[in-house]
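S.K.: have a look; sequence and predicted model below, questions after that.
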Amino acid sequence: MTRFPQQKYEGLVERILAGEVVFFVGAGFSQDSEGNSAQRLIARLIVRFMAATQELPKAGVTVTEDLRRGLRLTFKLDDADDICSEKTIDKLAARYYDINDWITNAFEALYTAALAEAQKAGEAVDPANAPQRAIERMKGFAKPINAAENQLLAQLKIRNKTDPVPLEPIDPDGLSELRAGEYGKAIFLETLGFCHHAIMAGQFDDTTFEKVMGDFRGLVRDRHRVIARLAREGLCPLLITTNYDLLLEGASRLAGFQVPGFGGAESPDVGRGQEPLATFSRLTRVAAPSDFFESGGAYRSAMLVKIHGCADRFRLEKRKRQLSAYLPSIVFTYREIQNWRKDSWSRDLVSTLLRTRTMVLCGYSGADPVLHDTFRTVYEEIRSQDSERRAQVKAGKVRAYFTGSMSSREFHGIEILRAASRAAGIDTPSLTDHENYLPFFFLSENKFPSLDEMMTWVGHLTTRGLQKNALQTSLRRVASQLLLSPVPECDLEIVRKRFDELVNAEKTVAEQWSDEGAARWEFGRIAGWTDRFHTALLREFALAESVQSNQGPGLAVERLRAARCYYPISDQPGWAAWGVVIEIAIRRVLCAIRGDGEWRRDHRFVEPAISEYPAVLFSMRDARQPSPVCLLIRFASFERPGYEPEIRGVYKSLTIWDLVAGVEPRQTGASNKRFPSAGELWKWAIAADALVTNPKEVDCARRWFS
């Protein structure tokens with residue numbers, strides 16, 4: 001039985017709240033979403049290579065047999081080995097960079113030989129139009145190759161599954177602007193699926209937000225959402241990734257970021273003609289050296305740095321027929337990564353960040369020899385140059401974290417952490433474990449926590465930290481505004497004290513979690529308060545205040561609610577502080593109704609619902625039916641008639657509290673509107689336990705929940 005490492009997360013969250021963390025995201029962050037394992041991608045490359053070497057001899061291309069023999073000799077494949085088999089693909093995947101290099105050059109040789117044959121045939125038939133004739137002949141070559149490669153792909157199973165995405169034909173028109181030496185790389189990238197949305201999904205810069213939601217539904221996971229939300233808060237506005245895919249852009253867009261300049265349009269995520277509600281509302285993507293030096297503007301922007309290139313940028317440059325200029329920015333072979341270390345702007349950026357910030361390695365194995373060497377070299381330089389300061393550094397100040405397998409210890413990750421420890425003045429770091437090693441279980445292991453759950457917990461603790469700050473700085477103002485009178489400091493301190501007790505109770509529960517038992521259910525109920533309830537409540541507050549400020553529904557209320565954008569606590573701490581009051585009030589009253597005075601504990605009969613609204617599932621009487629009632633809070637002034645809220649969960653009845661413009665639930669004159677006043681919510685939050693459990697008070701509160 002493995003315990004949940006609660007203490008490790010607290011140290012990381014402390015640094016996130018201090019604004020010193022940079023997330024370094026690797027391929028492991030994307031595999032669960034898109035399934036782009038090394039085996040899958042190499043399988044696509046191999047079937048294309050085999051189909052080309054099978055079909056091109058029929059057109060007079062003679063290099064094919066040498067290339068097939070070269071593949072076997074170079075990678076020590078037996079003559080009896082079936083090249084298009086899972087066994088061979090696994091063997092080649094173990095030499096990922098080698099096969100990348102080799103097959104890129106093989107594609108270059110095949111295309112160059114085929115093009116020469118096509119040009120010779122074109123000149124013989126029609127010298128005046130030889131180039132166009134050659135292109136047409138190349139298209140003729142591509143058709144049988146495509147039929148053969150997809151037949152091979154359909155027969156090849158990787159982990160008992162065939163690839164559902166067929167290969168598209170090689171496009172000679174799209175390659176016509178390239179020069180010799182560039183064909184192989186372009187074909188390699190297209191074979192991997194750089195141009196295919198079913199391989200690397202999403203058009204995140206589409207101006208139709210509903211399309212963006214559809215493109216990334218089911219692909220953007222909690223791990224991506226948490227990082228995007230931290231960026232929206234301005235806590236982690238710089239993100240570095242080696243990934244080519246668009247999941248981080250998709251998560252950022254779904255979190256409410258605008259993406260000016262991508263594809264020539266600024267996405268209207270907050271509302272046409274409206275200023276953004278959040279300080280960090282725009283995302284600048286850096287996918288090439290020119291982007292790094294040219295990006296910027298008269299606003300604060302989060303930045304996504306894709307140090308190995310970007311599939312979306314590849315698509316854009318291909319459409320503009322300027323692919324030749326962008327190809328050098330895409331890094332995937334061993335040689336290109338070696339060059340990245342020697343003279344790249346992004347290498348210098350990574351080195352600087354390692355010296356000045358806390359780097360959290362997520363989904364990155366650390367096994368890449370060049371990047372691994374870069375990390376360890378920087379930390380070793382710090383150690384050798386700063387020995388006097390190191391003697392004063394405490395053991396808890398190691399500036400690196402690594403997310404890795406719970407079931408084993410990932411060697412390369414531990415070695416990076418050990419190097420960071422020595423840089424911090426710890427001369428003999430452990431060889432077997434590290435306090436900054438953040439473990440999780442892979443989905444296939446079906447144990448708690450998964451990577452998504454681990455990241456969600458980091459997001460939960462961070463949100464609790466932001467709420468604590470909001471209670472200190474903004475509770476007096478918002479409470480006085482809503483209660484229409486100054487609030488005594490002793491009442492404010494009661495709320496702050498109760499919030500601290502709640503957070504401490506959550507941490508105590510988390511310390512008892514293991515990979516067995518009810519941990520996953522308890523985690524979902526506790527983290528749901530920040531991940532679902534408060535996020536949705538802040539959205540309702542934002543919509544209500546926006547309508548009030550603009551004297552009408554100028555922000556397309558239903559569209560923005562459905563988009564489920566994230567409204568940062570740091571931008572409107574008053575909303576967050578009042579949200580804490582509402583949570584404490586609801587939890588205390590529901591426990592009083594059931595006769596359980598310990599409201600701080602996690603209870604099976606109270607759970608935040610999954611909904612576009614802030615909603616709570618609860619049971620007032622029957623413990624055998626934990627969630628037969630749903631309480632939903634909404635800004636309903638411009639609700640469509642007959643609209644049914646989407647709520648995932650089992651409940652028998654629905655109770656709705658309606659907000660009007662502003663942040664307090666108030667009566668709008670309709671007799672069917674039901675809500676407690678701000679004064680009642682405040683009383684429930686601060687009253688002594690004896691008052692809350694008083695039968696008369698309980699009966700008075702019960703009517704708002706039934």
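M.R.: Yep, it's here.
S.K.: all helices for the stretch 101-250 of the chain, in order.
M.R.: Taking DSSP state H, counting those that start in this stretch as the criterion, the stretch 101-250 of the chain carries its helices at 130-155, 172-175, 183-192, 209-216, 222-232, 247-254.
S.K.: buried sites along the fourth one?
M.R.: Neighbour counts using 16 or more other C-beta atoms under 10 Å place 209, 212, 213, 215, 216 of helix 209-216 among the buried residues. In this view, the C-beta of every residue, glycine as well, is placed from N, C-alpha and C.
S.K.: confirm residue 601 sits in a strand?
M.R.: No - note on residue 601: no strand contains this position according to DSSP: H, G, I helix; E, B strand; the rest coil, which reports coil.
S.K.: coming back round to it: now, which of the buried residues of helix 209-216 sits nearest residue 596?
M.R.: Among the buried residues of helix 209-216, residue 213 lies closest to residue 596 (C-beta to C-beta), at 39.4 Å.
S.K.: you'd agree the closest one is up against residue 254?
M.R.: Yes - the pair residue 213 and residue 254 passes the contact test of C-beta atoms under 8 Å, sitting 6.7 Å apart.
S.K.: domains in the chain, as residue ranges please.
M.R.: The chain resolves into domains spanning 1-20+357-447, 37-192, 200-334, 452-702 when parsed by automatic domain parsing.
S.K.: show the end-to-end separation of the second one, please.
M.R.: Right, domain 37-192. Between the opening and closing residues of domain 37-192 we find a distance of 11 Å, counting by C-alpha to C-alpha, to the nearest Å.
S.K.: work out the gap between stretch 405-423 and the centre of the chain.
M.R.: In this view, stretch 405-423 has its centroid 23 Å away from the chain centroid, taken as C-alpha atoms, centre = their mean, to the nearest Å.
S.K.: excluding covalently adjacent residues, which one is nearest to the most centrally placed residue in the chain?
M.R.: The centroid of the chain falls nearest to residue 224 when counting by C-alpha atoms, centre = their mean (1.1 Å). The shortest distance from residue 224 to any residue other than its chain neighbours is 3.6 Å, reached at residue 251 (C-beta to C-beta, 6 or more residues apart in numbering).
S.K.: show me the contacts for that neighbour.
M.R.: Shown in contact with residue 251 (C-beta atoms under 8 Å, 6 or more residues apart in numbering): 216, 220, 224, 225, 227, 228.
S.K.: dump those to a markdown table, plus distance to residue 512 and pLDDT.
M.R.: Shown next, in a markdown table, are these (distance: C-beta to C-beta, whole Å; pLDDT from 0 to 100):
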| residue | distance to residue 512 | pLDDT |
| --- | --- | --- |
| 216 | 35 | 92 |
| 220 | 31 | 95 |
| 224 | 29 | 97 |
| 225 | 26 | 96 |
| 227 | 28 | 97 |
| 228 | 30 | 96 |
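S.K.: hang on, the earlier thing: any idea which of the domains of the chain scores lowest on pLDDT?
M.R.: Of all those, the segment with the smallest mean pLDDT is domain 200-334, scoring a mean of 80.
S.K.: show me where the stretch 401-550 of the chain has its helices.
M.R.: Remark: helices of the stretch 401-550 of the chain, listed N- to C-terminal, are 411-423, 451-483, 489-511, 519-528, 535-550; assignment by DSSP H, counting those that start in this stretch.
S.K.: could you dump those helices into CSV with distance to residue 289 added?
M.R.: Listed next are the helices of the stretch 401-550 of the chain as CSV, based on distance: least, C-beta to C-beta, whole Å:
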stretch, distance to residue 289
helix 411-423, 26
helix 451-483, 30
helix 489-511, 44
helix 519-528, 40
helix 535-550, 37
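S.K.: okay then, goodbye and thanks.
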